[in-house]
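Novice: requesting a structural model of the entry that follows:
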Amino acid sequence: MIAVIGITLKGVFRDRVFQGIIAFAVLFLFIPSASTLSMRQVTELSITLSLSLISFILLLLSVFLGATSLWKDMERRYTFSVLSLPISRCSYLLGRFFGLALFLILSSTILGSVACLVIKVAAGLHPPDRPVVWSWLALAIVFATLKYILLVGVALLLSTVSTSFFLPIFGTICAFLASGITQQVYEYVNSPIAAEVVSPLLKPIVAVLYYLLPNLAGFDLKVNAIYGIAPNFAGLGITAVYFVAYTAILLGLSSLSFNRREMK
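Specialist: Numbering: from 1, shown residues only. This next block holds a predicted model:
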């Protein structure tokens, strides 16, 4: 599996994905200037823009790398030659996942370092009313990285059941968009206000979707980083356990599906 992880990282660098990240990172240079549009909250806006740009780049990487990695191997017949070696399909799939996860961690580390420099410049030019809490900023980047690693698991699961890259890409995007509203929809449907409006038949459907789709709202710590608010560490612990459990379930289902798939 370690060899597959190394091959995955080499393949990503060979596809010049890393150069694309560097190109996107140039946008960080414009953040201090753009932050001056907010005359009273320059530092807060620079943190907001930096975290948003990091999230956007990680989203692109998780969707397109996770959705096309396995598909490209099958199209190039690379999978057949690898599986002819003494390596199981499960090890091959896990190697792909951990290789992509390591690349996301590497990318977020570089982007986070650049973001910290940009925020420090913005804070130096326009001192904020409240100091920047760098530990909360780092924690926000860490949990954003975990969120998109989980999304890679979703993309790989869809890749094992699809014969094209359309379902993994659009399915992962839909899962990401739905994950941002599942909590609010679930709470609304089960609230007293919705008792007279929402059909009773809709509640179990919403409940099933709520538990099946990933709930990524707990990974968002932007508000804590922007305003220096200490996060709820008990809640972060639950989010970390959720990440491990949900990712393990995704990888288990992916391995089961991949093992039963016919290679033609």
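Novice: find the nearest non-adjacent residue to Asn202, please.
Specialist: Not quite, residue 202 is Leu, not Asn. Excluding its sequence neighbours, the residue lying closest to Leu202 (Cβ to Cβ, 6 or more residues apart in numbering) is Val189, at 6.6 Å. (C-beta placed from N, C-alpha, C; glycine too.)
Novice: that neighbour: what's it in contact with?
Specialist: Contact analysis of Val189 by Cβ atoms under 8 Å, 6 or more residues apart in numbering lists 198, 202-203, 206.
Novice: list buried residues within the residues you listed.
Specialist: Val206 (16 or more other Cβ atoms under 10 Å).
Novice: in CSV, list the contacts of Val189 along with secondary structure, pLDDT and distance to Pro32.
Specialist: CSV is the format used below for those (DSSP: H, G, I helix; E, B strand; the rest coil; pLDDT from 0 to 100; distance: Cβ to Cβ, whole Å):
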residue, secondary structure, pLDDT, distance to Pro32
Val198, coil, 75, 47
Leu202, helix, 80, 48
Lys203, helix, 80, 49
Val206, helix, 82, 44
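Novice: take the contacts of Val189 and lay them out in a markdown table including distance to Glu44.
Specialist: Shown next, in a markdown table, are the contacts of Val189 (distance: Cβ to Cβ, whole Å):
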| residue | distance to Glu44 |
| --- | --- |
| Val198 | 37 |
| Leu202 | 39 |
| Lys203 | 39 |
| Val206 | 35 |
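Novice: from the contacts of Val189, pick the one nearest Val185.
Specialist: Distance to Val185, by Cβ to Cβ, is smallest for Val206 among those, at 6.1 Å.
Novice: per-residue confidence at the closest residue to that closest one other than its chain neighbours?
Specialist: Closest residue to Val206 apart from its sequence neighbours, by Cβ to Cβ, 6+ apart: Val189 at 4.8 Å. With respect to pLDDT, Val189 scores 81.
Novice: just the buried positions in stretch 247-264, please.
Specialist: 247, 250-251, 254-255, 257-258.
Novice: and stretch 1-21, by the same measure?
Specialist: For stretch 1-21, using 16+ other Cβ under 10 Å, the buried residues are 1, 4-5, 7-9, 11-12, 17-18, 21.
Novice: neighbours of Val223, just the number please.
Specialist: 13 (other Cβ atoms under 10 Å).
Novice: residues in contact with it?
Specialist: Contacts here follow Cβ under 8 Å, 6+ apart; on that basis Val223 touches Ile229.
Novice: let me see the mean pLDDT of the helix or strand hosting it.
Specialist: Remark: Val223 resides in helix 222-227, with elements defined by DSSP states H and E. Helix 222-227 shows a mean pLDDT of 90.
Novice: now do the helix or strand following it: distance to the chain's middle.
Specialist: Note on helix 222-227: by DSSP H and E, the next helix or strand toward the C-terminus is helix 233-260. With Cα atoms, centre = their mean, to the nearest Å as the basis, helix 233-260 stands 13 Å off its chain's centre.
Novice: for helix 233-260, which helices and strands make contact with it?
Specialist: Packed against helix 233-260 by the contact rule (3 or more Cβ pairs under 8 Å, 6 or more residues apart in numbering; DSSP states H and E) you find helix 89-125, helix 134-161.
Novice: so what's Ile54 closest to, chain neighbours aside?
Specialist: Leu111 (4.9 Å).
Novice: neighbours of the one you found, just the number please.
Specialist: Applying other Cβ under 10 Å, we find 25 residues neighbouring Leu111.
Novice: worst-scoring helix or strand of this protein, pLDDT-wise?
Specialist: Ranked by mean pLDDT, DSSP states H and E, the weakest helix or strand in the chain is helix 78-83, scoring a mean of 60.
Novice: so what's the most centrally placed residue in the chain up against?
Specialist: Geometric centre of the chain, nearest residue: Tyr148, 1.1 Å, by Cα atoms, centre = their mean. With contacts defined as Cβ under 8 Å, 6+ apart, the neighbours of Tyr148 are 55, 58-59, 61-62, 104.
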